[in-house]
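Student: Return atomic coordinates for the entry below.
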Amino acid sequence: MTERPAAPHVGSPLPVQRLGVTDMHVTRVGFGAWAIGGADWVAGWGRQDDSASIASIRHAIDRGINWIDTAAVYGLGHSEEIVGQALAEMPASERPFVFTKCGLIWDQTDRMVMPKKIGTAASIRDEVVASLRRLRTERIDLYQMHWPPQDGTGLEDYWQTLLDLKAEGKVRTVGLSNHDTAQLEAAERLGHVDTLQPPFSAIHRDVATAELPWCRAHKTGVIVYSPMASGLLTGAFTAERAKSLPKDDWRSGSPDFTGDGLAGNLAAANAMRPIAARHGTSVASVAGRMDVGMARRDRRHRRRTQPGAGRRLARCGYAPPQSRRPPGDRRRNRHDRRRRRAHPPTTLTVRRALSVRLKIAASVTK
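Tutor: Reported below is the predicted structural model:
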């Protein structure tokens, strides 16, 4: 097997950072492959053009994206097949990292039945063989348990199976998706949890309270799913578009895309527009920046207590408490508004402004 480098040399260079304590260095944004699974299954996104999906993957790679996240259940295997086709002719040294998931088994006779959450060793081993075949690869870079099983399989059993697959070389790293801190703790006692993949966006921020701090403390890498809230935070989504979603698009029946839920979510997206306009960027960029900023919040707070941190943060628009003027005092000093305008806004600045707007949006929809 030709070894893929820790940081693939693909497309235009984008900043990368180490994923947890793995040997992979990944771009901050990846290619999510749920939607390209297509229609005709219970959690589909409506009909997709496979050739357009392949072109989209290759375009992302050309722009420097160096990882793709898919799952066996997306399109009931179809998403993995499309990813495999898109990467088939690429040399191993140029291929992006490929992440996929296991643990959801579908009914072969009825595609519209919700897949079962299965965690037995035999099932997981069958799944990894099938995923390797569909992805046309000899090893999966990150293999994740999609959801905690509901078939009675204990966490220790299914996590040990994933650790064994890693030891056998079938997968490079292993992680968990949609697991809470208690489950992460139990898994960590058996073997290191390389990654966690939770839902996370400006709309759904629950994991920022416990799971993200746990990951930081245990050096577990985090890749989130639905950072654009499945399209709601792109700046292009409207109430009219929500009404026109086809019935085979799972979003057409989701509370986030109907009724009061939709109204509140669109209000949150609209609250980002003035921030985007002020800084000459898109709503999607503001939403993505907020995701990254929320994940790094604790690290930034710790930095403020380090020697010299005040000077560094002042250059980014942060004034230490002792240097701030009393309310109503508009005299200029080295932390004045002119200096703040001379530098790009910090993530914390965007978060504070957005937090106020989100609260206003929430109050309007109540």
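
Student: all strands for the stretch 1-150 of the chain, in order.
Tutor: Along the stretch 1-150 of the chain, counting by DSSP state E, counting those that start in this stretch, strands occupy 16-18, 25-27, 31-32, 67-69, 97-102, 104-105, 116-117, 140-145.

Student: so which of those strands comes closest to residue 153?
Tutor: Within those, the stretch nearest residue 153 is strand 116-117; the backing value is 9.1 Å (CB to CB). Quick note: C-beta positions are derived from backbone N, CA and C, even for glycine.

Student: Could you chop the chain up by domain?
Tutor: Using automatic domain parsing, the domain ranges for the chain come out as 16-227, 239-318+338-365.

Student: Quick one: these as CSV, columns for mean neighbour count and mean pLDDT too.
Tutor: Output for the domains of the chain, formatted as CSV (neighbours: other CB atoms under 10 Å; pLDDT from 0 to 100):
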stretch, mean neighbour count, mean pLDDT
domain 16-227, 19, 96
domain 239-318+338-365, 15, 67
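
Student: Please identify which of the ones you listed is closest to residue 233.
Tutor: Closest approach to residue 233 among the domains of the chain is made by domain 239-318+338-365 (3.9 Å; CB to CB).

Student: Against residue 189, how distant is residue 182?
Tutor: Taking CB to CB, to the nearest Å as the measure, residue 182 and residue 189 are separated by 11 Å.

Student: that older thread, export the domains of the chain to TSV and tack on distance to residue 233?
Tutor: Converted to TSV, the domains of the chain look like this (distance: least, CB to CB, whole Å):
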stretch	distance to residue 233
domain 16-227	6
domain 239-318+338-365	4
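
Student: Alpha carbons of stretch 232-241, as CSV, please.
Tutor: Output of stretch 232-241 as CSV, limited to C-alpha atoms (Å, rounded to 0.1, in the frame of the first residue of the first chain):
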residue,chain,number,x,y,z
LEU,A,232,-29.9,27.7,7.0
LEU,A,233,-26.7,29.7,7.7
THR,A,234,-25.5,30.1,4.2
GLY,A,235,-27.2,33.4,3.7
ALA,A,236,-29.1,32.0,0.6
PHE,A,237,-31.8,30.1,2.4
THR,A,238,-35.3,31.7,2.6
ALA,A,239,-38.8,30.8,3.8
GLU,A,240,-39.8,30.4,0.1
ARG,A,241,-37.0,27.9,-0.5
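
Student: Quick check: buried residues in it?
Tutor: Buried positions in stretch 232-241, judged by neighbour count with 16 or more other CB atoms under 10 Å: 232, 233, 235, 237.

Student: Identify, from those, the entry nearest to residue 277.
Tutor: The nearest member of these to residue 277, counting by CB to CB, is residue 235 at 10.8 Å.

Student: Hmm, the closest one is touching residue 277, no?
Tutor: No - using CB atoms under 8 Å, residue 235 is not in contact with residue 277; the gap is 10.8 Å.

Student: where does residue 174 fall, phi/psi-wise?
Tutor: The phi and psi values for residue 174, taken as degrees, to the nearest 10, are phi -130, psi 150.

Student: ok, what's across the strand from it?
Tutor: Beta-bridge partners for residue 174, by DSSP bridges, are residue 143.

Student: Tell me who's in contact with it.
Tutor: 142, 143, 144, 162, 163, 165, 166, 191, 193, 194, 195 (CB atoms under 8 Å, 6 or more residues apart in numbering).

Student: just to revisit the earlier point, can you tell me which two in the buried residues of stretch 232-241 are farthest apart?
Tutor: For the buried residues of stretch 232-241, the maximum inter-member distance is 9.6 Å, found between 232 and 235 (CB to CB).

Student: what touches both of the two?
Tutor: By CB under 8 Å, 6+ apart, residue 232 and residue 235 have these common neighbours: residue 269.

Student: For residue 33, see how far away residue 18 is.
Tutor: Note on residue 18: its distance to residue 33, by CB to CB, is 23 Å.

Student: ignore the last one, residue 187
Tutor: As judged by CB to CB, residue 187 and residue 33 stand 25 Å apart.

Student: again, but for residue 42
Tutor: Applying CB to CB, the value for residue 42 to residue 33 is 17 Å.

Student: And for residue 132?
Tutor: Separation of residue 132 from residue 33 (CB to CB) stands at 16 Å.

Student: likewise residue 147?
Tutor: Applying CB to CB, the value for residue 147 to residue 33 is 17 Å.

Student: likewise residue 26?
Tutor: 15 Å.

Student: about what we covered before: could you dump the strands of the stretch 1-150 of the chain into CSV with distance to residue 211 added?
Tutor: What follows is the strands of the stretch 1-150 of the chain, written out as CSV (distance: least, CB to CB, whole Å):
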stretch, distance to residue 211
strand 16-18, 19
strand 25-27, 19
strand 31-32, 19
strand 67-69, 18
strand 97-102, 17
strand 104-105, 20
strand 116-117, 19
strand 140-145, 14
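
Student: Report the contact partners of residue 230.
Tutor: By CB under 8 Å, 6+ apart, the residues touching residue 230 are 251, 254, 256, 257.

Student: And residue 124, by the same measure?
Tutor: 102, 103, 158, 161, 162, 165.
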